[in-house]
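Visitor: Sequence first, then the predicted structure, then my questions.
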Amino acid sequence: MTKGKKRDSRFELLRIITMLMIIVHHLIVHGVFKSGMIKDGLPGTHPFALYKLIAMGGKPAVILFILISGYFQINVELNIKNIVKLWLQVLFYSVGIAYILIFFNLIPNNTPLMQYWFPVSTVRYGFFTDYFKLILLSPFIKIMIKSLKEKQLLYLIIIGIVMGYIVPTAFFQENQREFTSYFFRFVIIFIIGAYLKIYGHERFIKNKKIIILFLLSLPVLFLNFTQIISEFQKLNVKNSSAFLNFGYINLIIALLIFILFCSLPSFSNNLINFVSKQVFGVYLFHDHILMRKVLWFNLFDVRKFIGHGSLNFIVQSAKAVLLIFIIGSVIDYVREKIFVVIYKTEIVITNLTRKTTKD
């Protein structure tokens, strides 16, 4: 977006929603499924099917985040200052959380801390590692996008979807990295977001193509629910991660949501825009690799949510998710203010030094 232009609150609201979906996903994956109270090999229990269903929202949320990036960054030049700011923000959480947890004896004292100074190369944040690579390569990706004609770009997107989504899903690959990587998928999603920005989303609603795509996804939805039903009936249906990771059904769900928000009237809301600025900080706070156990078993003990009925689980989980979002937002707001003070202090010191040197 250009300077001085108000942020479009449609997409800022979508950022907030995606982060809430991601926190819910992590509550299930890093909390419930790691609690020792739920085992994948114990079908026939209603709660397990519920947990599995709730966790499915996380992957479309990640896709939405990349779609938004592609949609807005296609016409924006890469700013080195923004890259440095992003890196310092990640370093603040990666290093800061590690040292704080050791100080309060929440993790072993012999935890190797040096790796948290290099969060990308040591993959301390799985999502950020691939996202950072995408941002660094985005200028070249954007040059390629703008050099291609619409039909060529569509062919590229179709090939990418087939390789990155349809093949792994169709062949029930447990580890989809065997065929393609998350980074490859991120690039394709980024290109799709850029395509929607350049050529518009309206045509997909007018000519009903989006409805056709949804209908094509119904067989996969059916198979997915068959897997859940098998938990009740103890059928020997393969429990593939193809649906729960980045299967093409998740891409379609994300595209449907994204196009829905694109079709809404544009508006600007200061509160939404303010909260959305803290969204990435919420991710860095709650999904720190050392923070997961502390968050889900110390601060919010998800084991207490389990075994007291589905409604109680949903209510307690909703409270935890909202609190994590609020706490993470407050922390990032304070972090932002600290960085501003440091930046202004640095400018003052630099100016004083220059003035003294001249005198």
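Guide: Yes, it's here.

Visitor: Can you find the helix or strand of this protein with the lowest average pLDDT?
Guide: Within the chain, no helix or strand scores below helix 209-233, which has a mean of 55 by mean pLDDT, DSSP states H and E.

Visitor: Tell me the helix or strand right after that helix.
Guide: Next helix or strand after helix 209-233 toward the C-terminus (DSSP states H and E): helix 248-263.

Visitor: what packs against that next one?
Guide: If you count contacts as 3 or more C-beta pairs under 8 Å, 6 or more residues apart in numbering; DSSP states H and E, helix 248-263 packs onto helix 9-26, helix 58-73, helix 182-199, helix 202-206, helix 209-233. Glycine gets a C-beta too; all of them are placed from N, C-alpha and C.

Visitor: Kindly recompute the last result at 6 Å.
Guide: In terms of contacts (3 or more C-beta pairs under 6 Å, 6 or more residues apart in numbering; DSSP states H and E), helix 248-263 is packed against helix 58-73, helix 209-233.

Visitor: Go through the helix or strand just after that helix and flag the buried ones.
Guide: For helix 248-263, the succeeding helix or strand toward the C-terminus, using DSSP H and E, is helix 270-276. Of the residues in helix 270-276, those with enough neighbours to count as buried (16 or more other C-beta atoms under 10 Å) are 272-273, 275-276.

Visitor: Could you do stretch 110-118 as well?
Guide: residue 116.

Visitor: roughly how far is it from the heart of the chain?
Guide: 24 Å (C-alpha atoms, centre = their mean, to the nearest Å).

Visitor: Could you do stretch 339-346 as well?
Guide: 29 Å.

Visitor: CA atoms only for that stretch, dumped as PDB, please.
Guide: C-alpha atoms of stretch 339-346 as PDB (Å, rounded to 0.1, in the frame of the first residue of the first chain):
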ATOM      1  CA  PHE A 339      11.800  -0.400  19.300                       C
ATOM      2  CA  VAL A 340      10.600   3.100  18.400                       C
ATOM      3  CA  VAL A 341      12.300   4.500  21.500                       C
ATOM      4  CA  ILE A 342      15.600   2.700  20.600                       C
ATOM      5  CA  TYR A 343      15.300   3.900  17.000                       C
ATOM      6  CA  LYS A 344      14.700   7.500  18.100                       C
ATOM      7  CA  THR A 345      17.500   7.400  20.700                       C
ATOM      8  CA  GLU A 346      19.900   6.100  18.000                       C
END
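
Visitor: quick one: low-confidence parts of the protein?
Guide: 1-5, 37-49, 122-123, 169-180, 201-247, 346-359 (pLDDT under 70).

Visitor: that older thread, please produce CSV containing the buried residues of helix 270-276, extended by distance to residue 311.
Guide: Listed next are those as CSV, based on distance: C-beta to C-beta, whole Å:
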residue, distance to residue 311
272, 29
273, 34
275, 28
276, 30
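
Visitor: Which two among the residues you listed are spaced furthest apart?
Guide: Maximum pairwise distance among the buried residues of helix 270-276 (C-beta to C-beta): 7.5 Å, between 273 and 275.

Visitor: burial count for residue 186?
Guide: By other C-beta atoms under 10 Å, the residues close to residue 186 number 25.

Visitor: In contact with it, which residues?
Guide: 66, 130, 134 (C-beta atoms under 6 Å, 6 or more residues apart in numbering).

Visitor: Neighbour-wise, which one of those residues leads?
Guide: Ranking these using other C-beta under 10 Å puts residue 66 first, with 23 neighbours.

Visitor: what about the closest residue to that residue other than its chain neighbours, distance to residue 111?
Guide: Spatial nearest neighbour of residue 66, excluding adjacent residues (C-beta to C-beta, 6 or more residues apart in numbering): residue 189 at 4.1 Å. Counting by C-beta to C-beta, to the nearest Å, the gap from residue 189 to residue 111 is 34 Å.

Visitor: go on, residue 335?
Guide: Look at residue 335 and residue 111: by C-beta to C-beta, they are 22 Å apart.

Visitor: likewise residue 311?
Guide: Taken as C-beta to C-beta, the span from residue 311 to residue 111 is 39 Å.

Visitor: Same check on residue 118?
Guide: 15 Å.

Visitor: number of nearby residues for residue 323?
Guide: 13.

Visitor: host element of it?
Guide: helix 310-358.

Visitor: helices or strands up against that helix?
Guide: Going by 3+ C-beta pairs under 6 Å, 6+ apart, helix 310-358 lies up against helix 9-26, helix 279-286.

Visitor: Dump the first one to PDB, keeping only the CA atoms.
Guide: Once non-C-alpha atoms are left out, helix 9-26 reads as follows in PDB (Å, rounded to 0.1, in the frame of the first residue of the first chain):
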ATOM      1  CA  SER A   9      -9.900  -3.300   7.100                       C
ATOM      2  CA  ARG A  10     -11.500  -6.100   5.100                       C
ATOM      3  CA  PHE A  11      -8.000  -7.800   4.900                       C
ATOM      4  CA  GLU A  12      -6.900  -6.600   8.300                       C
ATOM      5  CA  LEU A  13      -9.900  -8.300   9.800                       C
ATOM      6  CA  LEU A  14      -9.000 -11.400   7.800                       C
ATOM      7  CA  ARG A  15      -5.500 -11.300   9.200                       C
ATOM      8  CA  ILE A  16      -7.000 -11.300  12.700                       C
ATOM      9  CA  ILE A  17      -9.300 -14.200  11.900                       C
ATOM     10  CA  THR A  18      -6.500 -16.300  10.400                       C
ATOM     11  CA  MET A  19      -4.400 -15.900  13.500                       C
ATOM     12  CA  LEU A  20      -7.200 -17.000  15.700                       C
ATOM     13  CA  MET A  21      -7.700 -20.000  13.400                       C
ATOM     14  CA  ILE A  22      -3.900 -20.800  13.700                       C
ATOM     15  CA  ILE A  23      -4.000 -20.500  17.500                       C
ATOM     16  CA  VAL A  24      -6.900 -22.900  17.600                       C
ATOM     17  CA  HIS A  25      -5.000 -25.300  15.400                       C
ATOM     18  CA  HIS A  26      -1.900 -25.100  17.700                       C
END
